[in-house]
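> Build me a model:
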Amino acid sequence: MKFLKNNMWMLLTLAFVFTIGMFGDAAAESIETTAKNKLFNVFNAVKTVLFILGGFGLVGLAAVMVFGKANWKWFALLATGLAILAAAGAVVNYATGAGMTAETGGFGDTFTNSAQ
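Below is the predicted model of the structure:
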């Protein structure tokens, strides 16, 4: 019993490695593909929400700036941040060498085709 207490983590680690080794490559590809698709979906969903909130922010800042109560720097920073967010998918595609197609890049909407 003392052997099991002292080596419990080692035995669990060996059991985990053995279990992972039994799955083979097919399970790893499935997990990788699923994780990649979920990441793309989350990125695009968050991007959509941020564009909506940023658009309301730009309209709100423009309305406040009419009365001279806001700083132009805030407006420029928010517009620049939204432009960087819009280009994020293209930057990742360029850095990874992937093309601009949904099959290889996955991000889909960039400056060139965000209006489609």
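
> which element follows the helix or strand encompassing Phe56 toward the C-terminus?
Phe56 belongs to helix 25-66 when assigned by DSSP states H and E. Going down the chain from helix 25-66, the next helix or strand is helix 72-96, by DSSP H and E.

> So for that following helix, what gets flagged as buried?
Applying a neighbour-count criterion of 16 or more other CB atoms under 10 Å, the buried positions in helix 72-96 are Phe75, Leu78, Leu82, Ala86, Gly89, Ala90, Asn93. All C-beta atoms are positioned from the backbone trio N, CA, C, and that covers glycine.

> and the two most separated of the residues you listed?
Phe75 and Asn93 (29.0 Å; CB to CB).

> which of the buried residues of helix 72-96 lies closest to Leu50?
Leu82 (7.6 Å).

> Pull up the gap between that closest one and Gly68, please.
23 Å (CB to CB, to the nearest Å).

> Then Thr80?
Taking CB to CB, one finds Thr80 at 22 Å from Gly68.

> Can you work out which other helices and strands pack against the one helix or strand Leu14 maps to?
Here Leu14 sits within helix 8-23, counting by DSSP H and E. Packing partners of helix 8-23 (3 or more CB pairs under 8 Å, 6 or more residues apart in numbering; DSSP states H and E): none among the helices and strands.
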